[in-house]
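S.K.: model this:
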Amino acid sequence: MSKKRMYRQLTSEFDKFSNDAAQYAIDHLEADYKYNALFNAKNYRKLFNMSKSGLFNQLTSYIDGFTEEEANYAIQHLDD
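M.R.: Numbering: from 1, shown residues only. Down below sits the predicted model:
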């Protein structure tokens, strides 16, 4: 999960954390967002046979919310 998506989840009507609490949680997580992007990219490629440009667009979309740097890392390491 990306930083943006996690923030949206925590502040959603379901989880209902305050903006400050959600930001605090994100600031103190030891998450590897590049790894998370790579994990998602490999799953998208396996399930949907997406092209590299399609993967980049999906990873950086509002839904996934990864940064361009994280998405590029994922695409560069797809075959690792």
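
S.K.: okay, CA-based contacts and neighbour counts for the rest of this
M.R.: Will do.

S.K.: elements contacting the helix or strand harbouring K4?
M.R.: Taking DSSP states H and E as the criterion, K4 maps to helix 3-10. Judged by 3 or more C-alpha pairs under 8 Å, 6 or more residues apart in numbering; DSSP states H and E, helix 3-10 is in contact with helix 19-28.

S.K.: Pull the residues that contact the helix holding K4.
M.R.: Applying C-alpha atoms under 8 Å, 6 or more residues apart in numbering, the contact partners of helix 3-10 are 15-17, 22-23, 26, 33, 63-66.

S.K.: can you rerun that using 10 Å?
M.R.: With contact meaning C-alpha atoms under 10 Å, 6 or more residues apart in numbering, helix 3-10 is reached by 1-2, 11-12, 15-19, 21-27, 29, 31-33, 36, 62-67.

S.K.: Can you tell me which of those residues are buried?
M.R.: Buried residues within the contacts of helix 3-10, counting neighbours by 16 or more other C-alpha atoms under 10 Å: 1-2, 11, 17, 22-23, 26, 33, 36, 64-67.

S.K.: So which of those is the closest to N43?
M.R.: Nearest to N43 among these: N36, at 10.7 Å, using C-alpha to C-alpha.

S.K.: Tell me which residues touch N40, please.
M.R.: 1-2, 34, 46, 55, 58-59, 64, 71, 74.

S.K.: Need those residues in CSV (columns: secondary structure).
M.R.: Listed next are the contacts of N40 as CSV, based on DSSP: H, G, I helix; E, B strand; the rest coil:
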residue, secondary structure
M1, coil
S2, coil
K34, helix
K46, helix
L55, helix
Q58, helix
L59, helix
D64, coil
A71, helix
A74, helix
